[in-house]
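**Q** sequence? don't have it. structure:
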Ligand SMILES: C[S@@+](CC[C@H](N)C(=O)[O-])C[C@H]1O[C@@H](n2cnc3c(N)ncnc32)[C@H](O)[C@@H]1O
């Protein structure tokens, strides 16, 4: 199977079977002995074609004589992949994109579909200017949605909130590939030594400006090939996610509850900040995710994390008044991390912003009961939407006057003025994240 066929297989499993793109891609890649070049090309094709899905269909509709929903899904995906190469991968010659799509159509279609694929893609290659987008001034939402590969409902929200220019910057940032970021496992090594070690393993990397343990990797071999990963010298984690444990500021010997803990990026960070002394109780509703956290803790040399399969809404009844610190890294719409997973933007809907705040508030209210007087409560999400962030915190504070909001920005490794911190891909260059810190009156 050549690279394009592998990519098509992954795209089909996402589009037709509802698989998650990152998981389906990792499975296909791990089964094959691929060169780094092929691995990168497959990733680019899969992520690009999925991310640009609605725009590719818009473009296709200018060239296809048949309505897209009447085309067999596999053939439609061959066309989408071809259009993606012709319009968005300028280094690929149009002839190569067409010829390779035709070869795939021969394998997965019949004579009629081969002719159809050939005609559509050659016409698109010959006459790319035929595509007309909505007018930017008259219909900015539709224009941004199509130009920047975002669902229209989300663009409507952001345009209403920030105006078209900022919305455009945000959508653009969501399409950029973020660098791989690592958190130094300070229980085993310091950042300077890890940077040296990674360089010896062929990683082009630099320190992060956001977190003292953070490392940005710009070029790197397959992670599984790195001895430093197996030795537990680092954890993969985004920079903004790394700031959360600093805002929680746990101390060695503390009892910390991480209410929505799996797969453990923050729990393991908290344990490292505690120098592996004290106890971190990490709860989650998925056992398989907790198992991942336990494996990770072993790899990182952490012994103070205890996991418990639990609906965090019940935490308050089980551990009332016992914890020094509580983190609620709540389940959320994930609208701050769209740049991480190409298919995620197409899996979201506006209803989530009505449903999730109820669960978020219920978890926050229950987990907060676990705190000792004087204890610290941190609420975080990887979303950008006020309903899931500031409004949840405000509702919680209104119903729980024994909690006081503290300026979370002051506790960031690089302090900021904000009371409640909102990080953004377009202005901060990191995943979108929200962090609020509260203290229970002593
Ligand atoms: C944002 S993720 C947490 C990420 C984690 N803190 C980390 O840093 O790796 C939210 C987690 O909440 C879990 N979750 C969802 N509903 C829950 C509930 N009612 N009780 C406990 N955990 C829940 C999900 O399974 C998911 O693992």
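**A** Looks like it arrived, so ask away. The shown structure was predicted, so the numbers you read here are calculated from the model rather than taken from an experiment.
**Q** helix/strand/coil for residue 404?
**A** strand (DSSP: H, G, I helix; E, B strand; the rest coil).
**Q** so what pairs up with it in the strands?
**A** Following DSSP bridges, residue 404 is listed with bridge partners residue 439.
**Q** separation between it and the ligand?
**A** 24 Å (CB to the nearest ligand atom, to the nearest Å). C-betas here are computed from N, CA, C, even on glycine.
**Q** wait, isn't that residue in contact with residue 436?
**A** No: with contact defined as CB atoms under 8 Å, residue 404 does not count as touching residue 436 (11.4 Å).
**Q** and these two? which has more neighbours close in?
**A** Remark: of residue 404 and residue 436, residue 436 carries more neighbours, 28 against 12, as counted by other CB atoms under 10 Å.
**Q** and the one helix or strand the more buried one maps to, how far out from the chain middle?
**A** If you go by DSSP states H and E, residue 436 is part of strand 433-440. Averaging C-alpha positions (CA atoms, centre = their mean, to the nearest Å) puts strand 433-440 21 Å from its chain's average.
**Q** what is the neighbour count of residue 237?
**A** 22.
**Q** so it sits against residue 183, correct?
**A** Yes: the pair residue 237 / residue 183 is scored as a contact, 4.5 Å apart, by CB under 8 Å.
**Q** helices or strands up against the strand holding residue 436?
**A** With contacts taken as 3 or more CB pairs under 8 Å, 6 or more residues apart in numbering; DSSP states H and E, strand 433-440 sits against helix 239-248, strand 371-381, helix 390-399, strand 403-406, strand 421-423.
**Q** and the stretch 251-400 of the chain, which residues reach the ligand?
**A** 260-266, 283-286, 289, 311-313, 329, 331, 363 (CB under 6 Å from any ligand atom).
**Q** can you flag the buried ones in these?
**A** 260-266, 283-284, 289, 312-313, 329, 331, 363 (16 or more other CB atoms under 10 Å).
**Q** which of the residues you listed fall within helices?
**A** Under the assignment DSSP state H, these contribute 265, 266, 289, 363 to helices.
**Q** just the residues you listed now: which is nearest residue 97?
**A** Nearest to residue 97 among those, counting by CB to CB, is residue 265 at 38.3 Å.
**Q** how's this protein carved up into domains?
**A** If you go by automatic domain parsing, the domain ranges for the chain are 3-130, 149-175, 180-236, 239-440.
**Q** would you mind measuring the gap between the ends of the shortest one?
**A** Read that as domain 149-175. 8 Å (CA to CA, to the nearest Å).
**Q** for the last one, same thing?
**A** The separation between the terminal residues of domain 239-440, taken as CA to CA, is 28 Å.
**Q** one more: the first one?
**A** Start to finish, the residues bounding domain 3-130 are 29 Å apart (CA to CA).
**Q** any chance you could list what contacts stretch 192-202?
**A** 182, 184, 189, 205-207, 215, 217, 219-221, 226-228, 233-234 (CB atoms under 8 Å, 6 or more residues apart in numbering).
**Q** now list the buried members of those residues.
**A** 182, 184, 189, 205, 207, 215, 217, 220, 226, 228, 233, 234.
**Q** output those residues as a markdown table; include the columns pLDDT, secondary structure and distance to residue 430.
**A** Putting these into a markdown table (pLDDT from 0 to 100; DSSP: H, G, I helix; E, B strand; the rest coil; distance: CB to CB, whole Å) gives the following:
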| residue | pLDDT | secondary structure | distance to residue 430 |
| --- | --- | --- | --- |
| 182 | 98 | strand | 14 |
| 184 | 98 | strand | 17 |
| 189 | 98 | coil | 23 |
| 205 | 97 | strand | 16 |
| 207 | 98 | strand | 14 |
| 215 | 98 | strand | 14 |
| 217 | 96 | strand | 15 |
| 220 | 90 | coil | 19 |
| 226 | 94 | coil | 23 |
| 228 | 97 | helix | 23 |
| 233 | 98 | coil | 22 |
| 234 | 98 | strand | 18 |
